[in-house]
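A.B. asks: Sequence first, then the predicted structure:
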Amino acid sequence: MSSHQEVAYTLDFAVRRRSGPKSQVVRESSQDSPIPRIARLMALAIRIDGLVREQTLPDYAAVARRGRVTRARMTQIMKLLHLAPDLQEELLFLPPSSRLTERHLRPIVRQVDWHEQRHRFQELTRRSRRSRGSD
């Protein structure tokens, strides 16, 4: 007797709709959710990693196919797991007004040394607060 396990997950991606002569991309508005996008991406990376470790999903390439994103984009998202654990936690609990993006974090993620990551993250958030104050 084989056991069947069902896995349900929600991914947030663009949807193409045809309306008239041009097709348009419909995206969820960032105002629809009070949780910053980077926090949602961090949570997604943690969840996907857990599913792959449990062997519920075979690998990240399969996740990318199911989510209809490129393997490169999946790699960018999963690299958030290379951040120091305290930085990951900080991303998960960012205030709704945060403008921090995954792209901002790419140079930090490349750093292997967690001490250096923390230093760069502090610089990034300090700059972000200053620019927000000038709006």
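C.D. replies: Done, it's in. Not measured: the values here are computed from a predicted model.
A.B. asks: So residue 108 sits against residue 83, correct?
C.D. replies: Yes. Residue 108 lies in contact with residue 83 (Cβ atoms under 8 Å); the separation is 7.0 Å. (Glycine included, C-beta is placed from N, CA and C.)
A.B. asks: the strands in this structure, which residues?
C.D. replies: Ranges of strands in the chain, per DSSP state E, are 15-19, 22-26.
A.B. asks: From the centroid of this protein, which residue is nearest?
C.D. replies: residue 41 (1.9 Å; Cα atoms, centre = their mean).
A.B. asks: so what's that residue up against?
C.D. replies: 77, 80, 102 (Cβ atoms under 8 Å, 6 or more residues apart in numbering).
A.B. asks: what residues are up against the first one?
C.D. replies: Think residue 77. Counting by Cβ under 8 Å, 6+ apart, residue 77 touches 41, 44, 45, 48, 102.
A.B. asks: if we go to 7 Å?
C.D. replies: When contacts are counted by Cβ atoms under 7 Å, 6 or more residues apart in numbering, residue 77 touches 41, 44, 45.
A.B. asks: That one and residue 102, how far apart?
C.D. replies: Residue 77 is 7 Å from residue 102, where distance means Cβ to Cβ, to the nearest Å.
A.B. asks: avg pLDDT for the longest helix along the chain?
C.D. replies: Among the segments of the chain that qualify as a helix by DSSP state H, the longest is helix 114-133. For helix 114-133, mean pLDDT rounds to 88.
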